[in-house]
Each structure stands twice: as C-alpha cells, then as structure tokens.
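S.K.: Provide a 3D model corresponding to the input given below.
(chains A, B and C)
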Amino acid sequence: MIVLFTDFGLEGPYVGQIKAVLHREAPGAPVIDLFHDAPAHEPELAAYLLAAYVGEFPEGAVFLCVVDPGVGSEERRPAVVRAEGRWYVGPDNGLFAIVARRARAPSWWDITARPGRLSATFHGRDLFAPVAARLARGEQPPGERRDEASRPGSDRPGSDWPDDLPRIIYFDRFGNAMTGLRAAALTRGQTLEVNGRPLARARTFSDAPPGQPFWYENSSGLAAIAVNRGRADEALGLHLGDPVIVRDG
Amino acid sequence: MIVLFTDFGLEGPYVGQIKAVLHREAPGAPVIDLFHDAPAHEPELAAYLLAAYVGEFPEGAVFLCVVDPGVGSEERRPAVVRAEGRWYVGPDNGLFAIVARRARAPSWWDITARPGRLSATFHGRDLFAPVAARLARGEQPPGERRDEASRPGSDRPGSDWPDDLPRIIYFDRFGNAMTGLRAAALTRGQTLEVNGRPLARARTFSDAPPGQPFWYENSSGLAAIAVNRGRADEALGLHLGDPVIVRDG
Amino acid sequence: MIVLFTDFGLEGPYVGQIKAVLHREAPGAPVIDLFHDAPAHEPELAAYLLAAYVGEFPEGAVFLCVVDPGVGSEERRPAVVRAEGRWYVGPDNGLFAIVARRARAPSWWDITARPGRLSATFHGRDLFAPVAARLARGEQPPGERRDEASRPGSDRPGSDWPDDLPRIIYFDRFGNAMTGLRAAALTRGQTLEVNGRPLARARTFSDAPPGQPFWYENSSGLAAIAVNRGRADEALGLHLGDPVIVRDG
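M.R.: Below you'll find the model as predicted:
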C-alpha cells in the first residue's frame, strides 16, 4: 500500500501524474490519498501532522510525502526512512523528523542516485514516486544508509524541534483546528488557550453547547479546537501556525 | 462496490482513513467517491440529495453515508437500510429516510454492537466503514432488524419530512443549484421561483440566453437552477437551504 | 488506462458517476484523475493545458475529456481522436485541436450513435464514458472516420488557434500561473511580461529571491509564472485568460 501525503491539492495535475508513475512502476499496488492539503511549504507543521496519522496504517505501508519548498536546491536532500515497519520517502527537510523520533530504532537512507528525467520543480513525480514504487514492490531503498545521522545532536533538519508543537497545524473542512500537541501528552489539569481565549475540554461535539469553542482529542490523538455546529477557524480568528498556549490549571 | 457519500471533503485525512479501513476489511472491492461535499451537518438536505443519486448504481452496491452532526451522542443510533437491493450504512438521523420512503419494502437494522476502537468523533472510520466492508463481502448486517420502525407514524428521524423538499440542497462547482424537488414531480404548468425571481424551464444550458437564470431537469432528475455561462449561486444570491417556491402557472 | 480531464470538480457527483460507468463497462481498467479543475467552459484554454500533459502517459491511454459549455446543443458534435497512439474522447469544440496539431497523422471519428439514455446536460456520463470504456477494452471507436476534417483549412473548431497561446491557462493550488506557451518555443533572448511587469527566467523556485516573480519551465514543459514562497496569482493580480506578452530581448 502506498499512502500519499502532499500539499499538491487533489484537483490539479500533480497527484494524477504521480499516480501514473506509481501505476507504471508498481502496478496493482493500492494507493490511498491521505492528505493533499498538508500545510503548504511548511515542513515543520506537516511533520507533526504526518506523525499523528501514520499509526493506523499497516506494517509495510509506504508513505510518499511531499511538502517541499526547497525542491531543486542542492541543500535539500532526498531521503528514505523506515520506522515501526513503515517506509517514508520524500525530502529530508524535517518532514520525517517527528515520525523518526517517536519510533524505536528508525533507519535512514540518503537517496543519492538521480533518475534520467529529473525536472527542477517536481521531484514528487520524477524522484520520490519511483522510489516509493520500488519499496512497494518489496525491494530495498536505493542510496546510502546513514542511521547515525538520526542520533541526538545530528544535523538532520528538524532534530531540534520539540516533541509536541504548540501551534495550529491544520484546518479541516469543518473549520476544526488541529494542534501539534498530542492529547495524551497533556495532563488532566492543563488547559489550552488560543488568541487569549481559554478552552474547556469536551469529549465530542454534541457535548459542548452550540457556538462554544472547546478542545477535544481528535480521532487520531491530536488536541484539536472546535465549535459545536460552528467553525473554529472563523469564530476564533485562527490561522495556520498560530501559537497555542498550554496552561497548568 | 462501495459508494461514499459524506461531508468530509476529499483532501483532508478522513476519506483516506476510511478507504484504508475498507481496503483492509474488503480488499479488492471497488470504492467510488460520489459526494464528499454533501451538505455539512444537514441530514435533511443530504437525504434528498442521496435519494436522487442512488438509482444508477447496481444492485448490491453499498452506500457508506456520513453526514453526522450528532456523532458520539447517545440519541443518534447507527443503522443499516436495504432498499431496492442496495445497502446503506450510516447514522439514523434521517439521512436514509427519503431513500427508504421511495423504496418498496425497505428493511432496517439497528447496529448495536460497538467496535473495539471507537473514537468519539469519527464513527465513519471506526463503526460505519467496517460494517460497509462486511456488507461488501456479502455478509449480513450486524445488529437487530427492526422493519416496523420504518412504517408511517414511526419515530425514525425524517419520517415527517415531505416527499420532495422545496429548498436548495446542493451547489455544484459551476454554481448550479440543485433543489430537493424531482422534476418529474412538477406538473407542466408549474414554475419555480427563488428570491422573488420566477424561472422559466429550459432543456439544457445552451437553450437559455447567456446570463439568464432558468431551471432544468438535471442529469439525475432533480429540478436545478442555473445560468447559461454564469453562476446561479452568485447571480441569484442563493444559499444552501434557501426556500424554492412552486407556483401553479 | 483511462485518464480523466474535466472541469467537473472532484468532490461533487459528476466524477463519481463517470467512474461508476467506467467500472461497469471496463471493469479493472485503471482510472487516473489528471485534471478536474480544467478551465471551466473554456475549451481553448483547456486545449493547450491538455496538450502539455499527455506526453507522459503510455501508448493506448484513453483520455476522457470534458470541458463542454455547448453540451446538449446540435452544433457541438462528439468526437474521438487518435494521436501518437493515445485516444481522446469528448466534445469536438477545439479541446483536441492542439493535441491533434502536434501529432503526426492524427485520426478523427465523429460519434454519431446516441446511447439509449442521454441526458441533456451530462454527456460525460452518458455518451463519452461508454465510448472511453469501449476504447479501453481495445475495441475500435464507434462512428464515422473523417480524417480529412483535420487538414489545414478544415472547419473543425480550433483549427485557427495558434500553435502556442500567449495567455494564462491555469492556476495551480500554489498560485503558480501556467501559460499556453511551451518553454521550448521561446528563444533565449525572449522575456515574458504580464500586467506590465517583466519577468526574469529562473530554473526553480529556490533560485529566485523570496517574493520576486519569475518565469520558469514547469515540469510539463510550459512557461509558468511563480513567486518564490508567494502566490503569483495574488502578487501579480492575474486572472484566467489574461494575456502574456513575449518580448524579444
């Protein structure tokens, strides 16, 4: 199974072009669209979003991930990660830093080979998709294994990011705001605050009075902010990347 | 075949998470995305939209339907319906009321078993998708059959809704407004009016002068409102749920 | 393989309805969503977009293409084109004019048979999808072969359009603006100008200073306009169809 996590948007050509490559190189492999509206150009926000959503996919799943503002530059290197039996392919810009940190003994490979056709702006199609297809076929990653680079103090991008991120990392279609905080990492007495507004915790939407903002553990374990029968993004004036304050009660 | 009808939006994670469950529990079953922008939080509007679109799907098709503002509350019960040889799985909040009413001898089941993992906010993934997969595998629905509850005078949600709904139930990408009225239920002399504006009937877009609003029978039998080479939603100032007046000519 | 190129939008019912037909008539054929946000109601802009994206699909691929403001009118005829080993099915409104012009010896068929069920507004589902499925099954196109009609001076729509179109034909999710100009058709000294603003050429986003507009050869060979870490559509006030001026340096 190949799982797509990108900021490309579904309707434009990019996802379809990637799927054409996957179909050619790994025919019959199921392809699941997980996110195509991951935080555009924001690998840090995207890293916490990705890490929250991988747990329910089976061992052997290959995540093809592209949030890649540095595409085509020399500094940004392509990488493969193996963590908890799942594979990750994409730019080494921090996108896999949180998935790797939460795993026992992750493995890293630097992809050094370059395909014959490599556009300057679409490595998702030209570089990452063929590697994802190869992994989905059960082959080993190309490139050089460099596990040491994921040890503490390494210079891998994202190695200095926190374990949980007290910021807004995603808005869903309903205007619910996901934070980079795992609900399980918050203690019972702690409360959340955004834009100067303290938020009570609720179990589900219908437990909160209509119109009142609250926070809850979403279905993937993240602390998320919502308004019952309303939109949290509009009601609270929230934007992607906004800080979330954790207060000890 | 499993057909998805939700208000989740395609790009976010929810549809992909559901598809991962379907792939795990009913591998190889084709999955069709019908609507992921069904009227959010509006089971009544959604019920008329769903009923208009099921007829072209084959016998045995399983509709996994989620428009579910009451998710996680005790009052809202999960249900399975069988109508005209097709299956429906989702919340019993009226979403299936119109499909069932238009069918000969629909059957109802209350889903009483709960899966091991049941989040408070995502029953589409945790509860409805496994049941849909089970039906797609050819097995019987879980739970208790309660056909009597769909008889007239039952307390099933939606049992008091009209046969056709004189309101706007959906806007497509072109700004065309679908109503909850079947064109076949309107008599030849009747005209439609929205926002104080009477609308003539046309057969297709190019039969109306550019810029002029009209109504037509859309490709699924609903009376819909459009503007040739324009957007009816903007030109007429329409909103979801707006009333449509049927005038005898 | 069947490739979809439409202006229907992904979330509404139209694409799902088409896929249900394809699944029924050509079960097992892979279906790729290429564009569902092609320029709505604009066959000319769409023709240059389509032509830029077909080259990477394999021989035998069937493109089901619907940008069809004249649906249901008598003047607009349905057509099948074979060009460079690929098939195209859709309205003969110019949509295939550029693909055919860039091919050696394209073949044209007029689809004259009409299916039993033919709605006035959704020929994508009722007419084009069954033909695409038939081609995907390896059968010959229905209808009358009329290659002579694609010769210079024919009255096929689009026969008088230019080889490259100096206009904006598409915005992607990032606000990048694609033009109808192939980068390879521009000479080294030429520069592009939009809205009175001259644009320098860059190889990739990270080669341009943040905030500065530039043009580049996109991953499908089109000249496209972008702003590094910004949105070209907003920064330059661009709209679909806007003219692009090519200046000799």
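
S.K.: Most distant residue from the centre of chain A?
M.R.: residue A:209 (31.5 Å; CA atoms, centre = their mean).

S.K.: would you say that one is within a strand?
M.R.: No - checked against DSSP: H, G, I helix; E, B strand; the rest coil, residue A:209 lies outside a strand; its state is coil.

S.K.: confidence score at it?
M.R.: pLDDT for residue A:209: 91.

S.K.: distance of it from residue C:225?
M.R.: Separation of residue A:209 from residue C:225 (CB to CB, to the nearest Å) stands at 48 Å. Heads up, the C-betas are built off the backbone N, CA and C, glycines and all.

S.K.: hmm, stretch A:131-141 touching chain C?
M.R.: No - contact of stretch A:131-141 with chain C is not found when judged by CB under 8 Å from any CB of the partner chain; the minimum separation is 14.0 Å.

S.K.: any idea where the strands of chain A begin and end?
M.R.: Per DSSP state E, chain A carries strands over the ranges A:2-6, A:31-35, A:62-66, A:78-83, A:86-91, A:107-110, A:144-145, A:165-171, A:177-182, A:191-194, A:197-201, A:213-217, A:222-227, A:245-247.

S.K.: would you list these in a markdown table and tack on mean pLDDT?
M.R.: Formatted as a markdown table, the strands of chain A follow (pLDDT from 0 to 100):
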| stretch | mean pLDDT |
| --- | --- |
| strand A:2-6 | 98 |
| strand A:31-35 | 97 |
| strand A:62-66 | 98 |
| strand A:78-83 | 96 |
| strand A:86-91 | 98 |
| strand A:107-110 | 95 |
| strand A:144-145 | 89 |
| strand A:165-171 | 98 |
| strand A:177-182 | 98 |
| strand A:191-194 | 94 |
| strand A:197-201 | 93 |
| strand A:213-217 | 96 |
| strand A:222-227 | 97 |
| strand A:245-247 | 95 |
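
S.K.: what does chain A put close to chain B?
M.R.: Counting by CB under 8 Å from any CB, the residues of chain A close to chain B are A:1, A:3, A:9-10, A:30, A:32-37, A:53, A:56-58, A:170, A:172-174, A:203-207, A:216-220, A:229.

S.K.: got any ranges where chain A has weak pLDDT?
M.R.: Scanning chain A for pLDDT under 70 picks out A:148-153.

S.K.: residue contacts, the residue sitting nearest the centre point of chain A?
M.R.: The residue lying closest to the centre of chain A (CA atoms, centre = their mean) is residue A:50, at 2.3 Å. Residue A:50 sits next to A:5, A:35, A:38, A:63, A:65, A:95, A:96, A:98, A:99 when contact means CB atoms under 8 Å, 6 or more residues apart in numbering or on different chains.

S.K.: Show me which of these is closest to residue B:236.
M.R.: residue A:35 (35.2 Å; CB to CB).

S.K.: list the contacts for residue A:207?
M.R.: With CB under 8 Å, 6+ apart, residue A:207 has these contacts: B:72, B:73.

S.K.: same question, residue A:178
M.R.: Going by CB under 8 Å, 6+ apart, residue A:178 touches A:49, A:52, A:168, A:169, A:170, A:171, A:172, A:218, A:222, A:223, A:224.

S.K.: can you do 7 Å?
M.R.: A:49, A:169, A:170, A:218, A:222, A:224 (CB atoms under 7 Å, 6 or more residues apart in numbering or on different chains).

S.K.: Switch those residues over to CSV; also include neighbour count.
M.R.: Below are the contacts of residue A:178 laid out as CSV (neighbours: other CB atoms under 10 Å in any protein chain shown):
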residue, neighbour count
A:49, 25
A:169, 27
A:170, 24
A:218, 22
A:222, 25
A:224, 26
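
S.K.: care to break chain A down by domain?
M.R.: A:2-155, A:165-247 (automatic domain parsing).

S.K.: how far is the shortest one from where the chain is centred?
M.R.: In this view, domain A:165-247 has its centroid 18 Å away from the chain centroid, taken as CA atoms, centre = their mean, to the nearest Å.

S.K.: now the end-to-end length of it.
M.R.: Domain A:165-247 stretches 14 Å from its first residue to its last (CA to CA, to the nearest Å).

S.K.: How about stretch A:31-46?
M.R.: Using CA to CA, the two ends of stretch A:31-46 sit 20 Å apart.

S.K.: which residues touch that stretch?
M.R.: Stretch A:31-46 is contacted by residues A:1-10, A:15, A:19, A:22, A:49, A:53, A:67, A:69, A:93-95, A:161, A:167, A:169-170, A:180, A:240-241, B:11-13, B:16, B:19-20, C:174, C:229 when judged by CB under 7 Å, 6+ apart.

S.K.: Surely residue A:103 and residue A:82 touch.
M.R.: No - contact status for residue A:103 versus residue A:82: not in contact, 8.6 Å apart, counting by CB atoms under 7 Å.

S.K.: Which stretches in chain A count as helices?
M.R.: Ranges of helices within chain A are A:13-25, A:43-53, A:97-101, A:123, A:129-136, A:232-235, based on DSSP state H.

S.K.: dump the residue contacts of residue A:69.
M.R.: For residue A:69, the contacting residues are A:41, C:229, by CB under 7 Å, 6+ apart.

S.K.: ditto for the one 4 residues further on
M.R.: Residue A:73 makes contact with residue C:206, according to CB under 7 Å, 6+ apart.

S.K.: Tell me the spacing between it and chain B.
M.R.: Per CB to the nearest CB, to the nearest Å, residue A:73 is found 27 Å from chain B.

S.K.: Could you verify my assumption that residue A:6 touches residue A:63?
M.R.: No - contact criterion CB under 7 Å: residue A:6 and residue A:63 do not qualify, at 10.4 Å.

S.K.: which residues are in contact with both of those two?
M.R.: Overlap of the contact sets of residue A:6 and residue A:63 (by CB under 7 Å, 6+ apart) is empty.

S.K.: follow-up on the earlier one: can you tell me the closest non-neighbouring residue to the residue farthest from the centre of chain A?
M.R.: residue A:228 (6.6 Å; CB to CB, 6 or more residues apart in numbering or on different chains).

S.K.: go on, residue A:92?
M.R.: residue A:79 (3.8 Å).

S.K.: Which neighbouring residues are in contact with that neighbour, exactly?
M.R.: Residue A:79 is in contact with A:92, A:96, A:108, A:109, A:110, A:111, counting by CB under 7 Å, 6+ apart.

S.K.: ok, it to residue C:38 distance?
M.R.: 34 Å.

S.K.: cool, and residue A:134?
M.R.: Distance from residue A:134 to residue C:38, by CB to CB: 32 Å.

S.K.: mind checking how far residue A:114 is from chain C?
M.R.: 14 Å.

S.K.: Chain C contacts on chain A?
M.R.: With CB under 7 Å from any CB of the partner chain as the criterion, chain A meets chain C at residues A:8-13, A:16-17, A:19-20, A:23, A:40-41, A:69-73, A:119-122, A:125.

S.K.: For residue A:157, grab phi and psi.
M.R.: phi -60, psi 140 (degrees, to the nearest 10).

S.K.: I figured it was touching residue A:93, is that so?
M.R.: Yes - between residue A:157 and residue A:93 there is a contact at 5.1 Å, judged by CB under 7 Å.

S.K.: These two - which one has more neighbours?
M.R.: Shown here are residue A:157 and residue A:93; by other CB atoms under 10 Å in any protein chain shown, residue A:93 has more neighbours (25 against 22).

S.K.: Once you drop chain neighbours, what's closest to that one?
M.R.: Nearest residue to residue A:93, sequence neighbours excluded (CB to CB, 6+ apart): residue A:43, at 4.4 Å.

S.K.: ok, the one you found - how many residues close by?
M.R.: 27.

S.K.: Now do it against residue A:71, distance only.
M.R.: Taking CB to CB, one finds residue A:43 at 12 Å from residue A:71.

S.K.: And residue A:40, by the same measure?
M.R.: Going from residue A:40 to residue A:71 by CB to CB gives 12 Å.

S.K.: With residue A:208 instead?
M.R.: With distances taken as CB to CB, residue A:208 is found 42 Å from residue A:71.

S.K.: Please consider this matter closed, and thank you.
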